[in-house]
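In: Fold the stuff below for me.
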Amino acid sequence: MTGLQAPRGTRDILPEEQMYWQTLETQACQILERAAYRQICTPIFEQTALFERGIGEATDIVGKEMYTFSDRGQRSLTLRPEGTAGVVRAYIEHGLHQQGGVQRLWYTGPMFRYERPQSGRYRQFHQLGVEVLGSGDARADVEVIALAFDILKGLGLADLTLMLNSVGDRSDRSDYRQALIDYLTPYRQDLDKDSQERLDRNPLRILDSKDARTQEIAQAAPKLLDFLSPDSQEHFQRVKTYLDQLGIAYTINPCLVRGLDYYTHTAFEFQSRSLGAEATVCGGGRYDHLVTELGGPETPAIGWAMGLERLILLLQQQSSSPTTNLDFYLVSRGETAEQQGLILAQHLRHRGFRVEMDLSGSAFGKQLKRADRSGAPGCLIIGESEAAAATVQLKWLAQGQQTVVSQGELLTLDLRSHLDQAREFATEQSTSDAP
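Out: A predicted model of the protein is given here:
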């Protein structure tokens, strides 16, 4: 043993957990593709200036949480702490705005922030996000919210609450910022340490504090909604009206400001009571000035990101184990039988079936026990007698039915329908056995 371990705040995603990830990503991909969203991939590290300009130097992310380093050319680079800035940089660099129309993009991958590790929160974490660039219409706001709602509901997640707010435009926030500073300044010594530091450089983030005393003080603070211009009020009203028409319930939270400087107008979060204090599973908002700030043309935009580790926690709470995707477990013993098993497994895989081949060479009893534990509906058995006759025993594990067929005939059978029947039978058995 060398004593080497994964760095603090990182974790290995082991094979038995991967099926949760695959379920989540497949579900999200299907929903997003139906809405004409296209996938984009950006580098894991970018120039540090991208995040300083895009996220804001006064934010906790830039000031405290980024993994920044100098490469051999003495260029300052940063592991991406979030996905939006990189997508916007790619949008500008590759002239996607010149293609005309609205760009609907989605991404997934690891992000990095130096935070205190806790349940569902790591220093290397994964996000799935969407960005809609080129539309300032309130329907774009509601479209991305509805897609997040569909993904979360499609995963069977319960106890979800959509928190909604408007942070207005720059002029609205400028007026509100001063009013908030005027209100909070007499309470400076009563605020938590982080909020005292934010009072001068980023007072809106104080509204997001988790400190109980700071929250109590913030409850009586002026509300940003009271400082919205008529245009901002109209945009927010349209968002609420469209959500009502779609039947998506929401709660107005005037303290919801999100942690990034680039947000304008709509800000939102989906929260789950199942996660305790770290309740947010998806958050986002509109950012109509970010493209311009990063050197591109004036482009309204909106997006969101989901923390995948938190979603996986919720999925694991709902189900003790994910469903296996395996179709057949192949058991063989003896040199000729093992050779035929290898060939048969490959033929079945070429036909789209998921086949695991036992490579242990151990006794049939031990191999069959592993077949039972594999979760595969079907087991294929080749011993010396089957090898001599070029046959295979096909056993449906849940039903206990077993037949002998030639290896050539096996490849012509309607195995799909048999697999569906076997899985349906297994589901009925587990339901009837449940207390």
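In: And the helices in the stretch 101-250 of the chain?
Out: Listed in chain order, the helices of the stretch 101-250 of the chain (DSSP state H, counting those that start in this stretch) span 138-154, 170-184, 193-201, 212-219, 230-246.
In: ok, and what's touching the second one?
Out: This means helix 170-184. 167-168, 191, 199-200, 203-204, 206-207, 217, 220-222, 224, 227-229, 232, 264, 289 (Cβ atoms under 8 Å, 6 or more residues apart in numbering). In this view, the C-beta of every residue, glycine as well, is placed from N, C-alpha and C.
In: and it, which residues are buried?
Out: 172, 173, 175, 176, 179, 180, 184 (16 or more other Cβ atoms under 10 Å).
In: With just CA atoms, put that helix into PDB.
Out: Output in PDB follows, covering the C-alpha atoms of helix 170-184 (Å, rounded to 0.1, in the frame of the first residue of the first chain):
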ATOM      1  CA  ARG A 170     -28.100  47.400 -14.100                       C
ATOM      2  CA  SER A 171     -29.900  50.700 -13.500                       C
ATOM      3  CA  ASP A 172     -32.400  49.000 -11.100                       C
ATOM      4  CA  ARG A 173     -29.600  47.300  -9.200                       C
ATOM      5  CA  SER A 174     -27.600  50.500  -8.900                       C
ATOM      6  CA  ASP A 175     -30.500  52.200  -7.200                       C
ATOM      7  CA  TYR A 176     -31.200  49.200  -5.000                       C
ATOM      8  CA  ARG A 177     -27.500  48.700  -4.100                       C
ATOM      9  CA  GLN A 178     -27.300  52.100  -2.500                       C
ATOM     10  CA  ALA A 179     -30.600  51.600  -0.600                       C
ATOM     11  CA  LEU A 180     -29.400  48.200   0.700                       C
ATOM     12  CA  ILE A 181     -26.000  49.600   1.800                       C
ATOM     13  CA  ASP A 182     -27.800  52.400   3.700                       C
ATOM     14  CA  TYR A 183     -30.100  49.900   5.400                       C
ATOM     15  CA  LEU A 184     -27.300  47.400   6.300                       C
END
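In: Now do that helix: distance to the chain's middle.
Out: Distance of helix 170-184 from its chain centroid, counting by Cα atoms, centre = their mean, to the nearest Å, is 34 Å.
In: And the fourth one, by the same measure?
Out: For helix 212-219, the gap between its own C-alpha mean and the chain's C-alpha mean amounts to 31 Å (Cα atoms, centre = their mean).
In: Can you list the helices and strands that that helix packs against?
Out: For helix 212-219, not one helix or strand is in contact under the criterion 3 or more Cβ pairs under 8 Å, 6 or more residues apart in numbering; DSSP states H and E.
In: Tell me which residues are up against it.
Out: Counting by Cβ under 8 Å, 6+ apart, helix 212-219 makes contact with 184, 187, 190, 191, 192, 195, 206, 207, 209, 255, all of which sit outside it.
In: In the stretch 301-435 of the chain, mark out all the helices, start to finish.
Out: Along the stretch 301-435 of the chain, the stretches classed as helices by DSSP H, counting those that start in this stretch are 308-318, 335-350, 364-374, 384-389, 407-410, 415-433.
In: Reformat the ones you listed as TSV; add mean pLDDT and mean neighbour count.
Out: Below are the helices of the stretch 301-435 of the chain laid out as TSV (pLDDT from 0 to 100; neighbours: other Cβ atoms under 10 Å):
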stretch	mean pLDDT	mean neighbour count
helix 308-318	85	19
helix 335-350	96	16
helix 364-374	94	15
helix 384-389	96	15
helix 407-410	94	15
helix 415-433	80	13
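In: from the middle of its chain, how far away would the helix or strand bottoming out on mean pLDDT in the chain be?
Out: Within the chain, no helix or strand scores below helix 60, which has a mean of 70 by mean pLDDT, DSSP states H and E. Computed by Cα atoms, centre = their mean, the chain-centroid distance of helix 60 equals 22 Å.
In: just use 12 as the starting number from now, easier for me
Out: Noted, 12 is the first residue going forward, which turns the last one into helix 71.
In: what's the following helix or strand after it?
Out: Moving toward the C-terminus from helix 71, the next helix or strand (DSSP states H and E) is strand 78-81.
In: by contact count, what packs against that following strand?
Out: When contacts are defined as 3+ Cβ pairs under 8 Å, 6+ apart, strand 78-81 sits against strand 87-90.
In: Next, the buried residues of the strand it packs on.
Out: Buried residues in strand 87-90, counted by 16+ other Cβ under 10 Å: 88, 89, 90.
In: Now find how far off-centre it is within its chain.
Out: On Cα atoms, centre = their mean, the centre of strand 87-90 falls 23 Å from the chain's centre.
In: Okay, now the sheet partners of that strand, with direction.
Out: Under the criterion DSSP bridges, strand 87-90 sits next to strand 56-58 (antiparallel), strand 78-81 (antiparallel) in its sheet.
In: Packed most tightly, which of those strands would that be?
Out: Highest mean neighbour count among the strands paired with strand 87-90 (mean count of other Cβ atoms under 10 Å): strand 56-58, with a mean of 16.
In: Contacts for that one next, please.
Out: Here strand 56-58 makes contact (Cβ under 8 Å, 6+ apart) with 86, 87, 88, 89, 90, 91, 96, 97, 100.
In: which one of those sits closest to residue 309?
Out: Nearest to residue 309 among those is residue 100, at 16.4 Å by Cβ to Cβ.
In: Now do the contacts for the closest one.
Out: Residue 100 makes contact with 53, 57, 61, 65, 305, according to Cβ under 8 Å, 6+ apart.
In: Buried residues of the helix or strand where it lies, list them for me.
Out: Here residue 100, judged by DSSP H and E, is contained in helix 95-104. Neighbour-count burial for helix 95-104, with 16+ other Cβ under 10 Å as criterion, is recorded at 95, 96, 97, 98, 99, 100, 101, 102, 103.
In: Same list, those, but as JSON lines with pLDDT please.
Out: Output for those, formatted as JSON lines (pLDDT from 0 to 100):
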{"residue": "95", "pLDDT": "95"}
{"residue": "96", "pLDDT": "94"}
{"residue": "97", "pLDDT": "96"}
{"residue": "98", "pLDDT": "97"}
{"residue": "99", "pLDDT": "97"}
{"residue": "100", "pLDDT": "97"}
{"residue": "101", "pLDDT": "97"}
{"residue": "102", "pLDDT": "97"}
{"residue": "103", "pLDDT": "97"}
